[in-house]
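[1] Pasting the sequence and the predicted coordinates here, then a few questions.
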Amino acid sequence: MSFDTIKYDVDGHTATITLNRSDALNALSPHMIAELRAAYDEAENDERVWLLIVTGTGRAFCTGADVKAIPADGKVIYERPFLSTYEQWEAPQEGTPPFRRMAKPVLAAINGLCCGAGLDWVTTGDIVIASEKATFFDPHVSIGLVAGREVVRLARVLPRSIALRMALMGKHERMSVQRAYELGLISEIVQHDRLLERAHEIADIVNSNAPLAVRGTRLAILKGLDLPLHEAEMLAEAFRERNLHTEDSLEGPKAFMEKRAPNWQCR
């Protein structure tokens, strides 16, 4: 596929989506959002792809919505007529991967400044690593806007008081990458020049595991977060049972007994 505002590459079982509006600090325009939607669908529907990496070019990962594209009447930006599609009646997702309905894991590699809607990759990504140059903040209240889903998601990831502080301080305070690591917002700090290399190292490790088992495990965790513990356990066991009907579930124990690397078929 050909894109204008992002790059899309597949290497082995990994698809890499790179936000590529560095001159605009990778701010999300309607066209960029449409291209991201197409790239996510392409990766999810490509049998070769087992994992997605999302990163950015330049000194920013993503600085949220492009303020130059926000209509004067305050309506959320879309390429199609306002409220003409179901997604426009939902909470706006902007650049967020469709994590609720996709099966494949997403690894977010935060290369620099990350704020506003850029935080959505941090709070919904399955694995999140960051360059030593990364910083995080939410500017909404500083530009006269209510901080919406971005900080609601942050409050599910960070301690309540930390999420509120970030939301209410707006652009006037940034969270360092070290602080983000200490609070569990990211799982690893990486030397800046090695960020993408490290992302692919992690992707290769994840992809060395049974891909359907990875997806079932991911779904069990994410779907279970909104359920009481017992119901979450039962859902996870249902996913385990489904996976037992796959060829890979037989290949894993067989390879272990034969002392060889498994040959995953993703079926």
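    Done, it's in. Numbering: from 1, shown residues only.
[2] Run through the helices of the stretch 151-267 of the chain in chain order.
    160-169, 177-182, 195-207, 211-224, 229-243, 247-257 (DSSP state H, counting those that start in this stretch).
[3] Next, the angle helix 211-224 makes with the third one.
    Okay, so that is helix 195-207. With axes from the mean of the first three to the mean of the last three C-alpha atoms, to 10 degrees applied, the angle from helix 195-207 to helix 211-224 works out at 100 degrees.
[4] check contacts around the most centrally placed residue in the chain.
    Per C-alpha atoms, centre = their mean, the C-alpha nearest to the average position across the chain is that of G125, at 3.2 Å. Contacts for G125 (C-beta atoms under 8 Å, 6 or more residues apart in numbering) come out as V54, P97, V106, L107, A108. Heads up, the C-betas are built off the backbone N, CA and C, glycines and all.
[5] which of the residues you listed are buried?
    Buried subset of those (neighbour count, 16 or more other C-beta atoms under 10 Å): V54, P97, V106, L107, A108.
[6] So S131 sits against H192, correct?
    Yes - at 4.4 Å, S131 counts as touching H192 under the criterion of C-beta atoms under 8 Å.
[7] the more surrounded of these two?
    S131 (25 against 13; other C-beta atoms under 10 Å).
[8] which ones are touching that one?
    Per C-beta under 8 Å, 6+ apart, neighbours of S131: A109, I110, N111, G112, V177, I189, V190, Q191, H192, L195.
[9] Kindly give a single PyMOL line that selects the buried subset of the residues you listed.
    Restricted to buried positions by 16+ other C-beta under 10 Å, the PyMOL selection for these reads:
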select buried, resi 109+110+111+112+177+189+190+195
